[in-house]
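Visitor: Curious how this folds, go ahead:
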Amino acid sequence: MSNVSNLKTKKKFFGMSKKSRDGDNSLGRLLQESQTSSTGKFIDNQSSNGPGPVATLPTEQLLKIHAQTAEMRKQFELLRRTTLDELKQLPYQANDWASVASKALSASQNEVAMLKTKLALEMANRRKLLGEVQDLRGAVRVYCRPRPIAHSLCEDGSLPINVLSVVSNEVGLLHREKVLPHDFDSPMSFDFDRMFPSNSTQIELYAEMEELALSSLDGYNSCIFAFGQNGCGKTHSLIGDFSFVKDEKLDGEANVDIVDTGIHLLAMQQLFTVSKTRQERFQDTFSLTIMEIYDEKLIDLAAETDMASSDPKHYSITSDSKNEKKLEIKTNLDGETIVQGLVSVPVKSYNEVETLWKQSLVQRAKRAQQLGKSLKSYEASTNLIATLHVVSTNSVTGVGTTGRVQFVDLAASDVTPRRGALVSKTKTSPTDNVLASIGNKNEWKYANRSITQLTDVVNSRCQFSRSVPYRNATLTHLLQDSLEADTKVVLLACVSSDAKDLQNTANTMRFASKMRKMLVGKATKHTISFA
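Guide: From the prediction side, this is the model:
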């Protein structure tokens, strides 16, 4: 019987699935590994009918683990409370940190502003000292003012290309490689006394020339030229923007509205303001002449105004007069170049100056209409010259000074290709050859003859020629004193930033670089005595 029961038991054991056996064996291995790793002992509690060995932990080990678990819970609870307290304090600490950071940032910003102010003052002092050195040397100061590029699309629908960049206050780059990448791989660099950004204002421009205008009260002569191609802002920089409107009070006659006044009118405003503040010690008198040169002829614009005709000493040209007074360039006994017959209108306030300019511009527009030309083309072919004469007398000593400020709006310096001519094979630097070509084989010439003669005079002066061709043109003959005598000379080069004006811009900047090398002579003070 026993054999039969054992056989059944064995059959039952061997009849178990492999999965059950593997499960029991894996459980036994896990218990054995746990017991071995903790106590190193193994207790066999195999029963007669049990599947296999069972592992158990001793009581001491369980108590120890329980104590460690309780300690970890306490530490975790302490950590949780500490974290909550720190999170609650974090906003207050953040406010303190923000306050400290704000104070540090404010201090840094104040320091940066102070350093910027010091830098601006140092740069202003440096430019002032440079101007004094140039006055002592008699050199020409050259400023460059780019015209802002138009935001409208080109004719082919593409965006306009800006070929001019301002690197610093003195250096400008002309990027010819943007237009002619196959011919050039680097830009042209020009160094001037001041390189204005394209968004500069009239006030910023006048700030650089303020000293020249005020020096006329001390008996010095100065001359400001505006040079550049047509539409680059010469008239805008000197006079301002003006438009013609019909005035019903004047029976439909045209009137001029001047906005965004230029450096000439800004100088007049300041001169009258300074003269008013010192009227107890000095007596200042101002007189203004306005003339233009068209087709090598002198035209007195001020003589045709109502302000000039109201003075019986002045000769005025009426609309029906056939015999116009002829103006001639002469040299007086003091060796100064004057215009015989030119009307000098005394002005006592800025309003009178503005009125004189408005009437002169109206007469200029009428003259262009009589010639059958548009006002734009007429302005491009004429040289406009406004001269302010200042006589200051000391009320105590009786000694006075005579000064002069001349504003010259030159004709357009546009160039045209010379037909059938090629570039000379002689090696010349771009600054030596004012009309050197840009990316082609054409030589260029100025469309206006007076500008050509002016470049010839500048080249002769830079080469210290014995004979300078002043009398080859009316413009250079009239400005002879400003180009060689004791005069402070400033050239304002007005250029375009548009790629289509690359040739004209290059020629203007080359001429400006050339004129910067010219020495005019040290300016001297002109004194007179009324005793």
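Visitor: what residues are up against residue 379?
Guide: Residue 379 is in contact with 235, 368, counting by C-beta atoms under 8 Å, 6 or more residues apart in numbering. Where C-beta positions appear, they are placed from N, C-alpha and C, glycine not excepted.
Visitor: Please report phi then psi for it.
Guide: Per-residue torsions, residue 379: phi -70, psi -30 (degrees, to the nearest 10).
Visitor: With residue 392 instead?
Guide: phi -120, psi 130.
Visitor: That one - how many residues pack around it?
Guide: 23 (other C-beta atoms under 10 Å).
Visitor: One more: residue 456?
Guide: 18.
Visitor: ok, it touching residue 469?
Guide: Yes - assessed by C-beta atoms under 8 Å, residue 456 is found in contact with residue 469 at 5.6 Å.
Visitor: which stretches of this structure have low pLDDT?
Guide: Within the chain, the stretches with pLDDT under 70 are 1-56, 130-131, 134-137, 151-157, 246-254, 310-325, 419-434, 439, 441, 530-531.
Visitor: before we move on, which element is the most centrally placed residue in it in?
Guide: Centroid check for the chain by C-alpha atoms, centre = their mean gives residue 197 as the closest residue, at 1.1 Å. Using DSSP states H and E, residue 197 is not contained in any helix or strand.
Visitor: contacting residues for it?
Guide: Residue 197 neighbours (C-beta under 8 Å, 6+ apart): 146, 166.
Visitor: Now with 7 Å, please.
Guide: The neighbourhood of residue 197, defined by C-beta atoms under 7 Å, 6 or more residues apart in numbering, consists of residue 166.
Visitor: go on, the one 10 residues further on?
Guide: For residue 207, the contact set (C-beta under 7 Å, 6+ apart) is empty.
Visitor: ok, back up a step: phi, psi of the residue nearest to the centre of the chain?
Guide: Torsion angles, degrees, to the nearest 10, at residue 197: phi -70, psi 160.
Visitor: Kindly report the same for residue 509.
Guide: Taking degrees, to the nearest 10 as the convention, residue 509 sits at phi -70, psi -30.
Visitor: and the closest residue in space to it that isn't next to it in sequence, what element?
Guide: Excluding the flanking residues, the one nearest residue 509 by C-beta to C-beta, 6 or more residues apart in numbering is residue 190, at 4.8 Å. According to DSSP H and E, residue 190 maps onto strand 188-191.
Visitor: So which residues make contact with that strand?
Guide: 170-174, 176, 506, 509, 513.
Visitor: what would those look like in TSV with neighbour count?
Guide: Putting these into TSV (neighbours: other C-beta atoms under 10 Å) gives the following:
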residue	neighbour count
170	15
171	14
172	23
173	16
174	21
176	22
506	25
509	25
513	19
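Visitor: Now residue 150. Nearest residue, chain neighbours left out?
Guide: That would be residue 160: by C-beta to C-beta, 6+ apart, it lies 5.9 Å from residue 150.
Visitor: Go ahead and confirm the one you found touches residue 149.
Guide: Yes - with contact defined as C-beta atoms under 7 Å, residue 160 reaches residue 149; the gap is 5.5 Å.
Visitor: Sketch out the strands for the stretch 201-350 of the chain, chain order is fine.
Guide: 221-228, 241-247, 253-259, 282-294, 297-300, 328-331, 337-340, 345-347 (DSSP state E, counting those that start in this stretch).
Visitor: Let's have the ones you listed in CSV, adding mean neighbour count and distance to residue 437.
Guide: Formatted as CSV, the strands of the stretch 201-350 of the chain follow (neighbours: other C-beta atoms under 10 Å; distance: least, C-beta to C-beta, whole Å):
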stretch, mean neighbour count, distance to residue 437
strand 221-228, 26, 19
strand 241-247, 12, 34
strand 253-259, 13, 39
strand 282-294, 20, 29
strand 297-300, 19, 33
strand 328-331, 12, 36
strand 337-340, 15, 36
strand 345-347, 19, 46
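Visitor: Format these as JSON lines; extra columns: distance to residue 400.
Guide: Listed next are those as JSON lines, based on distance: least, C-beta to C-beta, whole Å:
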{"stretch": "strand 221-228", "distance to residue 400": "15"}
{"stretch": "strand 241-247", "distance to residue 400": "35"}
{"stretch": "strand 253-259", "distance to residue 400": "32"}
{"stretch": "strand 282-294", "distance to residue 400": "8"}
{"stretch": "strand 297-300", "distance to residue 400": "27"}
{"stretch": "strand 328-331", "distance to residue 400": "23"}
{"stretch": "strand 337-340", "distance to residue 400": "19"}
{"stretch": "strand 345-347", "distance to residue 400": "16"}
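Visitor: Residue 518 is nearest to which of those strands?
Guide: Proximity to residue 518 (C-beta to C-beta) singles out strand 221-228 among these, at 11.7 Å.
Visitor: Just the CA trace of stretch 261-277, in PDB.
Guide: Extracted C-alpha coordinates of stretch 261-277, given in PDB (Å, rounded to 0.1, in the frame of the first residue of the first chain):
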ATOM      1  CA  THR A 261      15.100 126.000 -41.600                       C
ATOM      2  CA  GLY A 262      18.700 125.400 -42.600                       C
ATOM      3  CA  ILE A 263      22.000 126.600 -41.100                       C
ATOM      4  CA  HIS A 264      21.900 130.000 -42.800                       C
ATOM      5  CA  LEU A 265      18.600 131.000 -41.100                       C
ATOM      6  CA  LEU A 266      19.600 129.300 -37.900                       C
ATOM      7  CA  ALA A 267      22.700 131.400 -37.800                       C
ATOM      8  CA  MET A 268      20.700 134.500 -38.300                       C
ATOM      9  CA  GLN A 269      18.500 133.600 -35.400                       C
ATOM     10  CA  GLN A 270      21.400 133.100 -33.100                       C
ATOM     11  CA  LEU A 271      23.300 136.200 -34.200                       C
ATOM     12  CA  PHE A 272      20.300 138.400 -33.500                       C
ATOM     13  CA  THR A 273      19.800 136.700 -30.100                       C
ATOM     14  CA  VAL A 274      23.500 137.200 -29.100                       C
ATOM     15  CA  SER A 275      23.400 140.800 -30.400                       C
ATOM     16  CA  LYS A 276      20.400 141.600 -28.200                       C
ATOM     17  CA  THR A 277      22.100 140.200 -25.100                       C
END
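Visitor: next one: phi and psi at residue 473?
Guide: phi -150, psi 150.
Visitor: measure it to residue 457 for me?
Guide: 8 Å (C-beta to C-beta, to the nearest Å).
Visitor: what's the answer for residue 351, then?
Guide: For residue 351 relative to residue 457 (C-beta to C-beta), the value is 38 Å.
Visitor: neighbour count winner among the two?
Guide: residue 457 (23 against 10).
Visitor: quick one: buried residues of the helix or strand hosting that one?
Guide: Following DSSP H and E, one finds residue 457 within helix 449-462. For helix 449-462, a neighbour-count test (16 or more other C-beta atoms under 10 Å) marks 449-461 as buried.
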